[in-house]
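Student: below are the sequence and a predicted model; questions follow.
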Amino acid sequence: MISLWGTTAGNLLMTFIISMVPVIELRGAIPLGVYNGLDVWTALVVAIIGNLVPVPFIIIFIRKIFKWMQEKSEKLAVLVRKFEEKADKKKEQVLKYEFWGLMVLVAVPLPGTGAWTGALVAAMLDMQLKRAMPAITVGVIVAGIIVTTATYGIQLL
């Protein structure tokens, strides 16, 4: 069996997949991609694309998934409540500033922010995909630029 890991294609795939993982997202994917040999700009673009892939699915399906989880077991119901509480804490900022609030929530590369949190908040607020996706996309791009600049220096810009 031929292994992709360590190849350019493997590094691209790894960066793409890691950027889709909640909490890690592009904050971890960009430095890891570069560490494994990708060009900074390639890692940035691949991580942005990967980070955006789960967003529409979260916005469209998370309420149904949460309902299913709550019906399956009490432990899953507790987990759902934690996610809902997390989204609820961010709700006021998004409601007050709409596009800009959601964009900033996603753009700030700190724990508890990012595309997953932004999509979760948008879903909990019943925002339509066509309203939430542009704000989340801009937020992910800004977060990617912040992470890249913080990690590799201002000379890259």
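Tutor: Nice, thanks for sending it over.

Student: what pLDDT does the residue most central in space within the chain get?
Tutor: Closest to where the C-alpha atoms of the chain average out (C-alpha atoms, centre = their mean) is residue 115, at 2.9 Å. pLDDT, residue 115: 96.

Student: can I assume it is in contact with residue 53?
Tutor: No. The pair residue 115 and residue 53 fails to qualify as a contact (C-beta atoms under 8 Å) at a distance of 9.2 Å. C-beta here means a position set from N, CA and C on the backbone, and glycine is covered the same way.

Student: helices of the chain, start to end?
Tutor: For the chain, the helices defined by DSSP state H occupy 8-19, 25-35, 40-52, 54-72, 74-97, 99-107, 115-124, 129-152.

Student: tell me the contacts of residue 56?
Tutor: 129, 133 (C-beta atoms under 8 Å, 6 or more residues apart in numbering).

Student: ok, the residue nearest to the centre of the chain - contacts?
Tutor: With contacts defined as C-beta under 8 Å, 6+ apart, residue 115 is in contact with 25, 51, 52, 54, 55, 106, 136, 139, 140.

Student: coming back round to it: and among the helices of the chain, the most buried is which?
Tutor: helix 115-124 (a mean of 25; mean count of other C-beta atoms under 10 Å).
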